[in-house]
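[1] Generate coordinates for the sequence data below:
(chains A and B)
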Protein chains: 2
Amino acid sequence: MDEVAPGAVGSLPSLSLRLGQAVFSTAALLFMSVGVEFYSYTSFCFLVTSMGLLIPWSCFLAVVDVYSLFLGCPLRLPGAIILIVAGDWVLSLLALGAACATASVVTLLLPANGYCSPGVCGRYQLSAAMAFLSWFLTASSSLFNLWSLASLRLL
Amino acid sequence: MDEVAPGAVGSLPSLSLRLGQAVFSTAALLFMSVGVEFYSYTSFCFLVTSMGLLIPWSCFLAVVDVYSLFLGCPLRLPGAIILIVAGDWVLSLLALGAACATASVVTLLLPANGYCSPGVCGRYQLSAAMAFLSWFLTASSSLFNLWSLASLRLL
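    Reported below is the predicted structural model:
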């Protein structure tokens, strides 16, 4: 069987997942760090750190996907796929933790409580929403690659 | 092959994982809800809700484990194991999110900032730590059962 499992490394769905992750995590990082102050809150620093790890990871795997698609030869090394699944899993947990932490702090700082202006709070909220989306896409990538690993082992 | 995969439903390691989950999530719930006020913070309510879901789930599966151990006949229905893996996975994500949210809010409320007394803040921190431990055990159960599902399919 030479076809790739849907969503596994080297397929078009995987490339779109990776591009989505890169876009959403970059958006989360920019909404959080450009023009607003984030150093004062541990959770916001955590979000910036985890998005800063997720962006190069997604971009690197997007390049691997493009390379595999151009060569027409998907990545079928179980060792490499295990590494990708583990990396995706750890980064998705970090993204989920950061998104939850940011969302909970923003709820506490909301304009109703008078700790931040509506504009600034809105940007924090957008950043948390983008981090949730990048968590969702990273977790999906991890599951798709786990599935492809299982089907490789079954062959 | 009649032996059970280590950590799969109906084995002794699974029973100890379930008991650990029940103990840690009950501790998180009690530290958060008895004697201190948690209604004012969304994150603390989220923690109480997710621990309130995790406790009956763990207790129910601990009973299933004890039943399987006494009968000496492990649960080998793929449908039931898929349900258990999915339930564990969702509850572990909820527990991780709640633990991160609680930890981030506690960091903001620390006595240095003057929003809570050292005793109350300490209890919130203990509750977050217990929630992290119950997340870890639930995620482990989910992975062990996924492994046992894969080995069932391979047979």
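
[2] Could you report the neighbour count for A:L47?
    33 (other Cβ atoms under 10 Å in any protein chain shown). For glycine as for every other residue, the C-beta is placed from the backbone atoms N, C-alpha and C.

[3] same check, this time on A:S117
    Around A:S117 there are 11 residues (other Cβ under 10 Å).

[4] How about it: what's its closest non-neighbour residue?
    A:P111 (6.6 Å; Cβ to Cβ, 6 or more residues apart in numbering or on different chains).

[5] I'd guessed that neighbour sits against A:G119; true?
    No - the pair A:P111 and A:G119 does not pass the contact test of Cβ atoms under 8 Å, sitting 9.4 Å apart.

[6] Comparing these two, which shows the higher neighbour count?
    Ranked by neighbour count (other Cβ under 10 Å), A:P111 and A:G119 place A:P111 first, with 13 against 10.

[7] ok, now which ones touch A:S104?
    A:S43, B:T42, B:S43, B:F46, B:C100, B:A101, B:T102, B:S104, B:V105 (Cβ atoms under 8 Å, 6 or more residues apart in numbering or on different chains).

[8] For those residues, give me CSV that also has distance to A:V66 and secondary structure.
    Putting the contacts of A:S104 into CSV (distance: Cβ to Cβ, whole Å; DSSP: H, G, I helix; E, B strand; the rest coil) gives the following:
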residue, distance to A:V66, secondary structure
A:S43, 34, helix
B:T42, 42, helix
B:S43, 40, helix
B:F46, 40, helix
B:C100, 34, helix
B:A101, 37, helix
B:T102, 41, helix
B:S104, 37, helix
B:V105, 42, helix
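
[9] So among these, where is pLDDT lowest?
    Minimum pLDDT across these is recorded for B:T42, with 86.

[10] list the helices and strands the longest helix seen in chain A packs on?
    Scanning chain A for the longest helix, with DSSP state H as the assignment, gives helix A:118-154. Helix A:118-154 sits against helix A:12-33, helix A:42-71, helix A:78-109, helix B:118-154, with contacts defined as 3 or more Cβ pairs under 8 Å, 6 or more residues apart in numbering or on different chains; DSSP states H and E.

[11] Would you mind listing the buried residues in the third one?
    In this case it means helix A:78-109. The neighbour-count check on helix A:78-109 (16 or more other Cβ atoms under 10 Å in any protein chain shown) flags A:81, A:84-85, A:87-89, A:91-109 as buried.
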